[in-house]
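**Student:** Below are the sequence and a predicted model for it; my questions follow.
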Amino acid sequence: MSTSALAPGLARKVKKILEIRTESTELLNALNTLSEIYQDNTPAARRQLRSTIEQRGLAINEQFLDAAESVTKALDDVQAQLDGLTASCTAITAALTSARSTASGLLADSDKAARELAAIDSKRGLVEQFLDKYQLNPEEVAVLQGGRVGPEFFAALSHVRSIHEHCKGLLRSHHQRAGLELMDQMAAHQEAAYEHLCRWVQAEGRNLGENDAPEVDPTLTAAVAALRDRPVLFKYCAEEVAGARHAALFQRFIVALTRGGPGGLPRPIEIHAHDPRRYVADMLAWVHQALCGEREFVVALFGDSSSSRDAATNEAGTRRGTSDDQVTMSSTVLLDRIFESICRPLKVRIEQVLMMNPPLLLCYQLGQLTDFYCSLVVDILGPDAALSQTVGSCRDTANRTFMEQLKAAGDRLLRTPPQPPADLTAPLQVSQSMQLLNEIISAYESSLQHAAPKQQHQQQDSDVEVQQADDGLSSVLSAVLDPLLEMIKRSAEALSPNSPARLDDGTKLDPTAHKVGQTALCQLS
């Protein structure tokens, strides 16, 4: 039977079935699902296939509806909550709108207050800066008026100085009145602080006299440096320290002379009074050692304001040419005042040695010794200091005594010239004079060796000092040789044939010895 013999409707169905692609995934899935619900392949089952499928779809839809009912209820609950939240937000928005409308004035006031607070904070910062720059705090005022002298005191004093400098800037601006008032206040605080500092330094200065070698407290050094801004107060404090050290040095010198060191070592200086050279040398050595120690102390406390001989000379001239209130209290001036205490006992003891008519050589050695220490003292204190003049006076006295003894010895030789010996040998006076001259030259050379290290440090003055020493030796040689030569000439007159003082035993004289004597005389001339 051909396809055209079939009914048109059936033919279309058959054709549609034939055109179905049985290998498609959708068809296979549909058949698998149909196989699960289609158990028996009977005509009745095939006739009820549509109904069965529809019932199956209805059951699935009922299951879906049952499952979707709970979801719907949950969604209804969520919707109800959203509606409540929306209502709450609306209420809050309304409340905020109402609050904003009612609090707008308060917000404006708070903004205004915040701006005013910021302005007040800025002004407070300016006031604090002004007070820190131009005012002292209560603690600083209390420290300056009578507190303990220490780092806090010097910090407050430095703050006062800085305020003074800042007030000068106010005087150059439109705030001159404020600047003047602040300067008056600071001046009062500053004067009170300096007076308190001066009293404290004076008290500490009195305590310094109790120790032989006191250690300088850094606080005391800082206080003295601060007082340099007030020359009058600085002068009072320096005089107090100098007075304390003046008395202490005198006591130390007397103890060194009479009792010696602790436990008797070193031994007392006066125990060697029987040996004038050692006695004087020990005293001058002690003075020089004390001078070096006191100089270290004064320089550590007051500073080294004059470290050269020229500066010391200028300051000494200043002391003579100005009043006491105008004197600059330098370390040299203070040392001069301190060592004034031992000038008299030192001079008296050295002059006592020289008044005992020591031998010629000892007088010369004492003169060289005092000259050496005089140069050391002058290098430190200057030529116009009391100690320099004292040691220089002792040197001049020793040299004067030496020259007077030389002159007296020369006069004795000229008054009684010796008779020439029969063998024309040198008289005893000539031998003694030559021996003395040899010893003097040896002492002179040894003094130059002692002065050599000092001259190496002062090369400019060495030539002048050596020339002066040579001149001094020349005068000594003249004082010894001139009378000796004159004595020899007078004594040689007895050998002249025409001399009325010719000796009676001239026939016994050896002419060759006479020639030798004349030759020696010419060589000495």
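**Tutor:** Structure received.
**Student:** all contacts plus neighbour counts: C-alpha atoms, from now on.
**Tutor:** Fine.
**Student:** which strands and helices sit next to the lengthiest helix in the chain?
**Tutor:** Identified as the longest helix of the chain according to DSSP state H is helix 49-134. Helices and strands touching helix 49-134, by 3 or more Cα pairs under 8 Å, 6 or more residues apart in numbering; DSSP states H and E, are helix 151-171.
**Student:** Mind listing what's buried along the following helix or strand past the helix it packs on?
**Tutor:** Sequence-wise, the next helix or strand downstream of helix 151-171 (DSSP states H and E) is helix 176-208. For helix 176-208, burial by neighbour count (16 or more other Cα atoms under 10 Å) applies to 179-180, 182-183, 186, 189-190, 192-198, 200-202, 204-206, 208.
**Student:** Same question for stretch 389-404.
**Tutor:** Here stretch 389-404 shows 389-395, 397-403 as buried, counting by 16+ other Cα under 10 Å.
**Student:** Let me have these in TSV, extended by secondary structure and pLDDT.
**Tutor:** Converted to TSV, the buried residues of stretch 389-404 look like this (DSSP: H, G, I helix; E, B strand; the rest coil; pLDDT from 0 to 100):
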residue	secondary structure	pLDDT
389	helix	95
390	helix	95
391	helix	95
392	helix	94
393	helix	95
394	helix	94
395	helix	93
397	helix	92
398	helix	91
399	helix	90
400	helix	90
401	helix	90
402	helix	87
403	helix	87
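**Student:** Redo these as CSV? Include distance to residue 139.
**Tutor:** CSV is the format used below for the buried residues of stretch 389-404 (distance: Cα to Cα, whole Å):
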residue, distance to residue 139
389, 52
390, 53
391, 54
392, 56
393, 58
394, 59
395, 60
397, 63
398, 64
399, 66
400, 68
401, 69
402, 70
403, 72
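**Student:** Which single one of those residues is nearest to residue 81?
**Tutor:** Ranked by distance to residue 81 (Cα to Cα), the buried residues of stretch 389-404 are led by residue 389 at 117.8 Å.
**Student:** circling back to that earlier point, the longest helix of the chain to helix 176-208, inter-axis angle?
**Tutor:** Counting by axes from the mean of the first three to the mean of the last three Cα atoms, to 10 degrees, helix 49-134 lies at 70 degrees to helix 176-208.
**Student:** for the helix or strand following helix 49-134, packing partners?
**Tutor:** Once the chain leaves helix 49-134, the next helix or strand it forms, by DSSP H and E, is helix 138-146. With contacts defined as 3+ Cα pairs under 8 Å, 6+ apart, the packing partners of helix 138-146 are helix 151-171, helix 176-208.
**Student:** nearest to residue 218, of the ones you listed?
**Tutor:** With Cα to Cα as the yardstick, what comes closest out of the helices and strands packed on helix 138-146 is helix 151-171 (10.5 Å).
**Student:** I'd like the average pLDDT over that closest one.
**Tutor:** Mean pLDDT, computed over helix 151-171, is 84.
**Student:** Any buried residues in that helix, and which?
**Tutor:** Quick answer for helix 151-171 (16+ other Cα under 10 Å): 153, 154, 156, 157, 159, 160, 163, 164, 166, 167, 170.
**Student:** helices or strands up against that helix?
**Tutor:** Counting contacts by 3+ Cα pairs under 8 Å, 6+ apart, helix 151-171 packs against helix 49-134, helix 138-146, helix 176-208.
**Student:** you'd agree residue 223 is up against residue 199?
**Tutor:** No - assessed by Cα atoms under 8 Å, residue 223 is found out of contact with residue 199, at 10.8 Å.
**Student:** Serialize the helices and strands packed on helix 151-171 to TSV and add fields for mean pLDDT and distance to residue 260.
**Tutor:** Output for the helices and strands packed on helix 151-171, formatted as TSV (pLDDT from 0 to 100; distance: least, Cα to Cα, whole Å):
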stretch	mean pLDDT	distance to residue 260
helix 49-134	87	59
helix 138-146	84	43
helix 176-208	85	22
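**Student:** Residue 23: neighbour count?
**Tutor:** Using other Cα atoms under 10 Å, residue 23 has 8 neighbouring residues.
**Student:** Need the three-state assignment for it.
**Tutor:** Counting by DSSP: H, G, I helix; E, B strand; the rest coil, the backbone at residue 23 sits in coil.
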